[in-house]
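*Asks:* A predicted structure for the sequence below; I have some questions about it.
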Amino acid sequence: MSDIALVDRIICAAAQAWKDDGEVLATGIGLVPRLAASVCMKSVNTDLLMTDSEAWLVREPVPVGPRGDYQLQRETWMGFSRIFDNVWGGKRHAMVGPVQVDRFGQANISMVGGDYDRPKAMMLGVRGFPGNSINHANSFFIPNHSRKVFVDGEVDMVASVGYNPARLARGWTLEETTDIRFIYTNLCVLDFGGPDHQMRLVSLHPGVTVEQVQEATGFDIHVPANVGATPDPTPEQLALLAQLDPHNLRATVLGA
Amino acid sequence: MSDIALVDRIICAAAQAWKDDGEVLATGIGLVPRLAASVCMKSVNTDLLMTDSEAWLVREPVPVGPRGDYQLQRETWMGFSRIFDNVWGGKRHAMVGPVQVDRFGQANISMVGGDYDRPKAMMLGVRGFPGNSINHANSFFIPNHSRKVFVDGEVDMVASVGYNPARLARGWTLEETTDIRFIYTNLCVLDFGGPDHQMRLVSLHPGVTVEQVQEATGFDIHVPANVGATPDPTPEQLALLAQLDPHNLRATVLGA
Amino acid sequence: MANKLMNPQQVVASIQDGMTVGIGGWGPRRKPMALVRELLRSPVKDLTVVAYGGADVGMLCAAGKVKKLIFAFVTLDFIPLEPYFRKARQEGAIEVMEIDEGQMVLGLKAAGMRVPFIPTRIGLGTDVLTRNPQLRLIDSPYDNKQWVAMPALPLDVALVHVNRADARGVCQISGPDHYLDDLFVRAAKQTYVSCDELVEDAAFASENDARLVFWERSETTGVVHLSGGAHPSSCAPLYGFDTKHFKEYVASAKEDGGWDAYFAKYVQCGEQDYQRQVGGMEAIKRLPLPVF
Amino acid sequence: MANKLMNPQQVVASIQDGMTVGIGGWGPRRKPMALVRELLRSPVKDLTVVAYGGADVGMLCAAGKVKKLIFAFVTLDFIPLEPYFRKARQEGAIEVMEIDEGQMVLGLKAAGMRVPFIPTRIGLGTDVLTRNPQLRLIDSPYDNKQWVAMPALPLDVALVHVNRADARGVCQISGPDHYLDDLFVRAAKQTYVSCDELVEDAAFASENDARLVFWERSETTGVVHLSGGAHPSSCAPLYGFDTKHFKEYVASAKEDGGWDAYFAKYVQCGEQDYQRQVGGMEAIKRLPLPVF
């Protein structure tokens, strides 16, 4: 086993998600995605755009948690109405945390249960998932890789479009509607690079086996011949993380 | 003859155009319409909205011409993009100066001549006339009442929608597409209150006869039994005009 | 010059059973909560509510005011799940039209522009279409693709809370984001605004002040002066949201008769008692702005 | 960190024959005239130009660069009729798509939102429809009316002039109106911006400064530092438009070979000589702001 904290490994792996994106808005919803985007903007792709998670684009990522005398480095007003201009233009790559994901990459944060009119568990609603998923690139962070998340069949409410040919509207191709990049879980890294957009194992975190991943996933994943290990963060990345998360809020997100 | 300047009479008559409009944006394009709107806002309908003719809604009409140390009384940012929000919502009544008007009230500022591809005289283009005319109330100011302006047949380029049943799109009524209130000319005041929206004589300026108006108009107008005289401005209105046009720019607009 | 000052009772008196009411703000941020509380006290029912929802939606659901909810989310942000909205959904107590956040933008824009719909790709491939069969797919005359025709969402009434307003209905939002409030206002036949500060007409004369006015006063029907009127939601930069109060509110949902107890304690009593119970304006002004 | 600084020649080198070019500004206000002059000096031809037009459009017409013009008006405001645009139209030298000002807004919005059209009532009952048979009427799935389907107006290139920019493409418009420049920018594949002042990245950190930035830097392809680059159009609050220069320009159109003479004197010479001939930056900065 490695002495690198798993959450640090995931964040630094996920920081590569925007590596080749050029100048797009990186939106990380939740602590791990946000820190991943922040590390990326500080070290991997310095052309990224980020917000203060409220109403401004900033020149440098804002540290998470209480800010003390930190001064926002604003560069552009970016209230919600402006965010939609950006989304609809497509120059964004969001990393979000769905509650369910299926083999097509269809994701759900709305509700769980078989009866839409009386959900077993109502959650948030579809939020911006339908619009995000069909307008720009998306990646997922899943802190609890399990069959409850990676469900057999379809998710209970398809909030974001996936690679599902049965749901394709006339005149559209899956490549036009869907651009899911990576899934970072507490076990591994996945993408949709298998045959016919099958979910594919990209790398395993230290101590995790292919069998464990398949066992925790409600559908067959594509396993290439050689699956590597999720790389260790560099000392520079870990130093950045310490700056960007000065209160070590990330220590408990995986349920330590 | 009256000793009231004709232009003052027209402005003060036209100031009544917005009388019953409540809280709408009054836009007067050109000196006479703008002064008419300004007089109205100061005395007739104090709920009117007006801009500084640039980018701000103002609490009081801005005097025309050089402003000296006059301070704008801003109340709302109102750049062009905001103006369209207002137009499309319908809460506006503009007074504009078309180059041609026909019996349907269809108006033109785009081009003159029989060949659209090679106009005899190219003017401005349709500007906002198509959108204004179908979204909100409009009135016209015509400084040179003549058959060149009030044309026989249709205007050469129909820039604003009129009461022309032949051009009605499916599902629409003329009352939905068209709301032309008044026409103020150097001879008289007109509206479209005749049978089937025929152009109707409302009042004559002093010294002008019905025959003169009909002669200067390229189509039949409706003349009610009793046509009154365009009223004299009140002393209060004249005093307001002097404040709103401190350089007496209006003295030459009728070609004195 | 029109004087649009009203009291909350007059606002609620103009809302009738069955109306469609849009509520400005976003989640737990700058919600017209005092106006919502007045609505809770009234006999009005069968409302269709359109909102980027927070406790406004939760409370209206709990009080049985909502026939139909048009929403993309309902959340308190720091407490993700809104308990009374959740309960209403899980009990099948409300009809819903669940759409994307951006689709709601388009629907409100279409209503403000007075067009029947705006085409969009949003919703394609998702259950937003299967759960809302009234959302129609259309062909474009200019390409060979199908598009979602997002219908206009016209409102009978919009309720919003702003930082400052004058009696003529000029409204200023001085926090960093006006959210989609301007779209709610333009989509509505009548707009009622509560404001933390009532100011003189001259208050907006500077460029910076006038730029923070996002709609013409002709869009404002009535103005209610209600300091702290957004509480327990936030009204930046004046005050943050009240996490302690929200926690009590959320906890109430776990008790039998919890809503009735919350209602009796915080709603029934009227706005003056409400503010006294949450510590008065001094306590509200001390609520720290949230850090996101 | 991307450095997007370019010179005008590099901007024009990325514009190819037959492209669709949108030009920001409004009439004689904040037009990217130095970039337009560079375009006039180039061999580029057969452009489709989209603009709320002023002398930018007139000059491009005079120089034979325009194959097709998409416009609602072309005017210098204080001189209503733009002489070279007029001449081009009266000689039948250009194709046109003449539309309403607001339809242009909708077309640019549709392009930025990547939808094929936006429905509107604008154009119904007018010759905008008869002169543009490519504008299609559509049925709405939600009512029984016909609507104009205003098509998207996607741009290959947008050219705009701003007050201040940094090398990363953050652009600030500090005059009272940004016109529809943000829509041109979002409708375009590539956006080239000229700026009166080139500033450091930190220049936009205050709320008031950041609010005057109307698009993300990801929308800006290249930045050219050109003080006075809007002349002879205005760039409030820095300088007004040059009425004397515009009068000379308009007068030239009445002479035989007038355009060639204007071109030789003010365009051929290059930007440095141009500025010297119009009195240098000191004279430009003294041009009074227009009073409307």
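*Replies:* Perfect, thanks for sending it. For clarity, every value in this text was computed on a predicted model and none was experimentally measured.

*Asks:* Give me the neighbour count for residue 131.
*Replies:* All of this refers to chain A. Residues near residue A:131, counting by other C-beta atoms under 10 Å in any protein chain shown, number 29. Every C-beta, even on glycine, is put in place using the N, C-alpha and C of the backbone.

*Asks:* Oops, wrong one, chain C.
*Replies:* 18.

*Asks:* Where does the prediction get shaky in the stretch 51-200 of chain A?
*Replies:* Residues of the stretch 51-200 of chain A meeting the criterion pLDDT under 70: none.

*Asks:* residue boundaries of the strands in it?
*Replies:* A:56-58, A:74-77, A:92-96, A:100-101, A:107-108, A:111-112, A:121-122, A:137-142, A:180-185, A:188-191, A:200-204 (DSSP state E, counting those that start in this stretch).

*Asks:* Check those strands for me and report the most buried one.
*Replies:* Across the strands of the stretch 51-200 of chain A, averaging neighbours per residue (mean count of other C-beta atoms under 10 Å in any protein chain shown) puts strand A:107-108 on top, at a mean of 28.

*Asks:* Please name every helix or strand in contact with that one.
*Replies:* strand A:100-101 (3 or more C-beta pairs under 8 Å, 6 or more residues apart in numbering or on different chains; DSSP states H and E).

*Asks:* Within range of chain B, give me the residues from chain C.
*Replies:* C:1-2, C:112-114, C:170, C:182, C:186, C:201-202, C:204-207, C:209-211, C:213, C:215-219 (C-beta under 8 Å from any C-beta of the partner chain).

*Asks:* just the buried members of these?
*Replies:* C:112-114, C:170, C:182, C:186, C:201, C:204-205, C:207, C:209-211, C:213, C:215-219 (16 or more other C-beta atoms under 10 Å in any protein chain shown).

*Asks:* before we move on, the earlier item: of the strands of the stretch 51-200 of chain A, which is nearest residue B:244?
*Replies:* Of all the strands of the stretch 51-200 of chain A, it is strand A:74-77 that lies closest to residue B:244, at 36.4 Å by C-beta to C-beta.

*Asks:* Show me where the stretch 51-200 of chain C has its helices.
*Replies:* Using DSSP state H, counting those that start in this stretch, the helices of the stretch 51-200 of chain C run over C:55-62, C:83-90, C:101-113, C:127-131, C:181-187.

*Asks:* Dump the ones you listed into a markdown table; add distance to residue D:159 and mean pLDDT as well.
*Replies:* Formatted as a markdown table, the helices of the stretch 51-200 of chain C follow (distance: least, C-beta to C-beta, whole Å; pLDDT from 0 to 100):
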| stretch | distance to residue D:159 | mean pLDDT |
| --- | --- | --- |
| helix C:55-62 | 45 | 98 |
| helix C:83-90 | 49 | 98 |
| helix C:101-113 | 28 | 98 |
| helix C:127-131 | 39 | 98 |
| helix C:181-187 | 29 | 98 |
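
*Asks:* Please identify which of those helices is closest to residue A:214.
*Replies:* Nearest of the helices of the stretch 51-200 of chain C (C-beta to C-beta): helix C:127-131, 27.3 Å.

*Asks:* and that closest one with chain D, contact?
*Replies:* No: using C-beta under 8 Å from any C-beta, we find that helix C:127-131 stays clear of chain D, coming within 13.4 Å at best.

*Asks:* Please give me every residue in contact with the residue lying closest to residue A:30 once chain neighbours are set aside.
*Replies:* Leaving aside its chain neighbours, residue A:30 sits nearest to residue A:97 (4.9 Å; criterion: C-beta to C-beta, 6 or more residues apart in numbering or on different chains). The contact partners of residue A:97, by C-beta atoms under 8 Å, 6 or more residues apart in numbering or on different chains, come to A:29-30, A:33, A:109, A:140-143.

*Asks:* how many neighbours does the residue nearest to residue C:236 when sequence neighbours are not counted have?
*Replies:* Among residues not flanking residue C:236 along the chain, residue C:175 sits closest, at 3.5 Å (C-beta to C-beta, 6+ apart). Using other C-beta under 10 Å, residue C:175 is surrounded by 20 other residues.

*Asks:* do the same with residue C:80
*Replies:* The number of residues near residue C:80, taken as other C-beta under 10 Å, comes to 12.

*Asks:* does it really touch residue A:127, like I thought?
*Replies:* No: assessed by C-beta atoms under 8 Å, residue C:80 is found out of contact with residue A:127, at 10.8 Å.

*Asks:* related to what we said a few turns ago, now tabulate the helices of the stretch 51-200 of chain C in TSV and tack on distance to residue A:69.
*Replies:* Output for those, formatted as TSV (distance: least, C-beta to C-beta, whole Å):
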stretch	distance to residue A:69
helix C:55-62	32
helix C:83-90	37
helix C:101-113	34
helix C:127-131	44
helix C:181-187	31
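
*Asks:* Kindly provide the distance from residue C:195 to residue D:15.
*Replies:* 50 Å (C-beta to C-beta, to the nearest Å).

*Asks:* Residue A:128 touches residue A:87, doesn't it?
*Replies:* Yes: here residue A:128 reaches residue A:87: they are 7.2 Å apart, a contact under C-beta under 8 Å.

*Asks:* shared neighbours of the two, anything?
*Replies:* residue C:102.
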